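Undergrad: Quick one: sequence and predicted model below, then my questions.
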Amino acid sequence: MDKAYEAVSSAEVGAATSRVEHIRVLGVPISLVNMCGAVDRICSWGKSGSARTIFVRDVHGLMRALQDPFLFALHDEASMVVPDGTPLTRVARLRGYGPAQIERTPGPDVMLAVCERSVADGTTHFFFGGKPGVAQTMAARLAKAYPGLRIAGTYTPPMRDIDGQRSMTEEEMIELDMIKELTPDFIWVGLSSPKQEYWMMKAVRHLDHGVLLGVGAAFDLHAGRVKRAPAIMRKYGLEWLYRLLSEPRRLWRRYLILAPLFVYRIAREEFSRGRKQ
């Protein structure tokens with residue numbers, strides 16, 4: 001591991017994490033937040049305070065973390081890990097937590113809520129990621145939806161691997177310096193997982209202020225490139241089915257293999273918890 005990267009301890013980067021209560025689902029911390037609470041905290045961090053990182057976690061991301069020890073460990077450094085997947089909130093229900101304590105908090109919805117709130121707050125946004133043209137299109141659509149929205153800038157990085165266990169490359173530092181000069185309060189990151197988590201946790205070490213939020217597919221959704229599931233399907237936790245039917249070749253493994261494996265492992269974990277209690 002790169003020694004420059006090792007020099008910053010997990011405790012230093014994740015100092016804020018202890019202030020967000022969480023449960024552990026298969027060992028991964030999931031913050032006990034509902035939409036209102038998550039947005040309140042994110043907006044408060046955007047107005048003041050040190051740099052923060054927000055992970056948006058669904059079942060696929062959680063299962064991927066179980067296969068990647070480094071990604072798994074990064075979740076304990078994040079300031080907040082919001083539950084994007086309905087199955088994660090159902091695990092919380094099994095443990096006695098109600099909607100007032102935790103509910104599904106999708107990344108695309110968090111983005112819209114924070115953008116809306118930020119108009120009155122006067123806070124600023126930077127959009128990093130997406131395919132060529134996506135961030136710019138999304139920014140224009142959001143500016144139209146929320147008059148007065150302050151957008152500091154957008155940037156689409158070139159396609160490349162991101163090594164989470166090494167310090168930033170010269171190219172990555174040039175990009176980050178450009179963002180720092182614009183001093184945005186919110187940095188929305190739309191890279192695929194785990195690239196976005198790797199990038200955020202490297203970037204936060206060089207920032208004095210700003211909330212980094214990994215929202216992945218929200219870029220395509222808000223740019224109008226991908227249609228979202230109807231509200232009724234989202235309400236009943238069936239957004240996964242809509243996505244599977246829309247992109248079966250890309251998503252079949254995620255929903256037909258990883259999701260059942262998650263259910264199996266959760267059943268084992270909850271049975272073990274019950275026996276210990």
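TA: Okay, I see it.
Undergrad: Does the strand or helix carrying residue 245 pack against any helices or strands, and if so which?
TA: Secondary structure from DSSP states H and E places residue 245 in helix 239-246. Using 3 or more C-beta pairs under 8 Å, 6 or more residues apart in numbering; DSSP states H and E as the contact test, the elements touching helix 239-246 are helix 231-235, helix 248-253. Heads up, the C-betas are built off the backbone N, CA and C, glycines and all.
Undergrad: Quick one: mean pLDDT over stretch 87-96.
TA: Computed over stretch 87-96, the mean pLDDT rounds to 95.
Undergrad: swap in stretch 219-231?
TA: In this model, stretch 219-231 has an average pLDDT of 90.
Undergrad: Now it - C-alpha only, PDB.
TA: In PDB, the C-alpha atoms belonging to stretch 219-231 read as follows (Å, rounded to 0.1, in the frame of the first residue of the first chain):
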ATOM      1  CA  PHE A 219     -26.500  11.300 -13.300                       C
ATOM      2  CA  ASP A 220     -28.200   9.300 -16.100                       C
ATOM      3  CA  LEU A 221     -31.600   9.500 -14.400                       C
ATOM      4  CA  HIS A 222     -31.500  13.300 -13.900                       C
ATOM      5  CA  ALA A 223     -30.000  13.900 -17.400                       C
ATOM      6  CA  GLY A 224     -33.000  12.100 -18.900                       C
ATOM      7  CA  ARG A 225     -30.900   9.300 -20.400                       C
ATOM      8  CA  VAL A 226     -32.500   6.600 -18.300                       C
ATOM      9  CA  LYS A 227     -36.200   6.300 -17.300                       C
ATOM     10  CA  ARG A 228     -36.900   5.700 -13.600                       C
ATOM     11  CA  ALA A 229     -39.400   3.200 -12.300                       C
ATOM     12  CA  PRO A 230     -43.000   4.400 -11.900                       C
ATOM     13  CA  ALA A 231     -43.700   5.900  -8.400                       C
END
